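A.B. asks: here is my input, please return the structure:
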Amino acid sequence: MNNLLKDKNILIMGVANKWSIAWAIAKAFHEAGARLAFTYQGERSYEHVKKLTQNIKGSILIPCDVTKDDDIKNTFEQLKEEFKTLDGVIHSIAHARKEELEGLYINTSREGYLMAQDISAYSLVSVTKHAKPLMTEGGSIVALTYLGGERVVKNYNVMGVAKAALEASVKYLAADLGRENIRINAISAGPIKTLAAKGIRNFNTMLKEFEEKAPIGRLVKTEEVANTALFLCSFLSSGITGEVIHVDGGYNILGY
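C.D. replies: Numbers count the residues shown, from 1 in each chain. The predicted structure is shown next:
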């Protein structure tokens, strides 16, 4: 495990704090020998990421607002200068207004809908487009999604629709880039207490119901999601692309 990503250059997008799924992935990748770069947005995010990564030797921090094409372009231009080539990208970015994550989906505002789609789904398309020229030896791109993109989850609303678009994008991008040995997959993680999840109304109730119903009888750990991302960015998954892999203790197989 310690050499699975030896000498691989990986970009991690979406670290918010020490509870982030993206941070769990970063730690697993670091232990597997990868050289890491991180994006952040704003001064507050920079301070969080800087503190977390201070013991990751050789890590790079790059500002990036994924709603701005120039920011994404500049991110990969800087990566080219630092890394020359890129082997993987973790896309753990999603956002919706808190008021859109409660009540009825029919009340979603146009502005709120467009924001969720732009940040949570379209950003993967733009990131992949700019990552492609650096993946001269092939590569792996992994996005984070949730079951709300496949079926209705109460209060997930506009984010569920954005995740559906994200998952469709994974498939179309995989078809576009497969011949260039660039693989794109998604991980559909079970509900985990992250900063983003706190914005969903009655999230603690969702956690309790999940724990009661999931075949494994417990919540999923961020480390389990991280191990799946490690697999998807290593040679062990070389024949897998365009997939949505569930790391949810089997919850997705249930019909109740």
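A.B. asks: please make it C-alpha for all contacts and neighbour counts, starting now.
C.D. replies: Fine.
A.B. asks: list the contacts for the residue nearest to the spatial centre of the chain?
C.D. replies: With the centre of the chain defined as its mean C-alpha position, the nearest residue by Cα atoms, centre = their mean is Ser92, 2.3 Å away. Residues in contact with Ser92, defined by Cα atoms under 8 Å, 6 or more residues apart in numbering, are Ile12, Met13, Gly14, Val15, Ile21, Ala22, Ala143, Leu144.
A.B. asks: setting the sequence-adjacent residues aside, check what's closest to the fourth one.
C.D. replies: In space, Val15 comes closest to Ala22 once its chain neighbours are excluded; the distance is 5.1 Å by Cα to Cα, 6 or more residues apart in numbering.
A.B. asks: that neighbour: which element?
C.D. replies: With secondary structure defined by DSSP states H and E, Ala22 is part of helix 21-31.
A.B. asks: so how far is His91 from Gly255?
C.D. replies: Distance check for Gly255 against His91: by Cα to Cα, to the nearest Å, it reads 29 Å.
A.B. asks: more neighbours, these two?
C.D. replies: Taking Gly255 and His91 together and counting by other Cα atoms under 10 Å, His91 has the greater number of neighbours (24 against 5).
A.B. asks: just checking, that one touches Ile21?
C.D. replies: No. Using Cα atoms under 8 Å, His91 is not in contact with Ile21; the gap is 10.6 Å.
A.B. asks: mind listing what's buried along stretch 98-107?
C.D. replies: Buried residues in stretch 98-107, counted by 16 or more other Cα atoms under 10 Å: Glu100, Leu101, Glu102, Tyr105.
A.B. asks: ignore the last one, stretch 68-79
C.D. replies: Judged by neighbour count (16+ other Cα under 10 Å), stretch 68-79 contains these buried residues: Ile72, Lys73, Thr75, Phe76, Glu77, Leu79.
A.B. asks: re earlier: report the spatially nearest residue to the residue nearest to the centre of the chain, omitting neighbours in sequence.
C.D. replies: Sequence neighbours aside, Gly14 is the residue nearest to Ser92 in space, at 4.7 Å (criterion: Cα to Cα, 6+ apart).
A.B. asks: look up how far Leu144 lies from the one you found.
C.D. replies: 10 Å.
A.B. asks: compare the two (neighbour count), which wins?
C.D. replies: Neighbour comparison, Gly14 and Leu144: the larger count goes to Leu144, with 25 against 22 (by other Cα under 10 Å).
A.B. asks: the more buried one bridge partners, please.
C.D. replies: The bridge-partner assignment for Leu144, based on DSSP bridges, gives Ile187.
A.B. asks: my read: it touches Ser120, true?
C.D. replies: No. With contacts counted by Cα under 8 Å, Leu144 stays clear of Ser120, the gap being 9.6 Å.
A.B. asks: any shared contact partners between those two?
C.D. replies: Ile93.
A.B. asks: find the residues that touch each one of Gly14 and Leu144.
C.D. replies: His91, Ser92, Ile93.
A.B. asks: need phi/psi at Glu93.
C.D. replies: Check again: residue 93 is Ile, not Glu. Ile93 has phi and psi values of phi -120, psi 130 when expressed as degrees, to the nearest 10.
A.B. asks: in space, what's closest to it - neighbours in sequence excluded?
C.D. replies: Ranked by Cα to Cα, 6+ apart and with sequence neighbours excluded, the top spatial neighbour of Ile93 is Gly14, at 5.0 Å.
A.B. asks: show me the contacts for that neighbour.
C.D. replies: Taking Cα under 8 Å, 6+ apart as the definition of contact, the neighbours of Gly14 are Ser20, Ala22, Thr39, Tyr40, His91, Ser92, Ile93.
A.B. asks: quick check: it vs His91, distance?
C.D. replies: Using Cα to Cα, one obtains 7 Å as the distance from Gly14 to His91.
A.B. asks: the helix or strand of the chain with the lowest mean pLDDT: what's the following helix or strand?
C.D. replies: Among the helical and strand segments of the chain, the one scoring lowest on mean pLDDT, DSSP states H and E is helix 203-213, with a mean of 83. Next in sequence after helix 203-213, counting helices and strands by DSSP H and E, comes helix 222-232.
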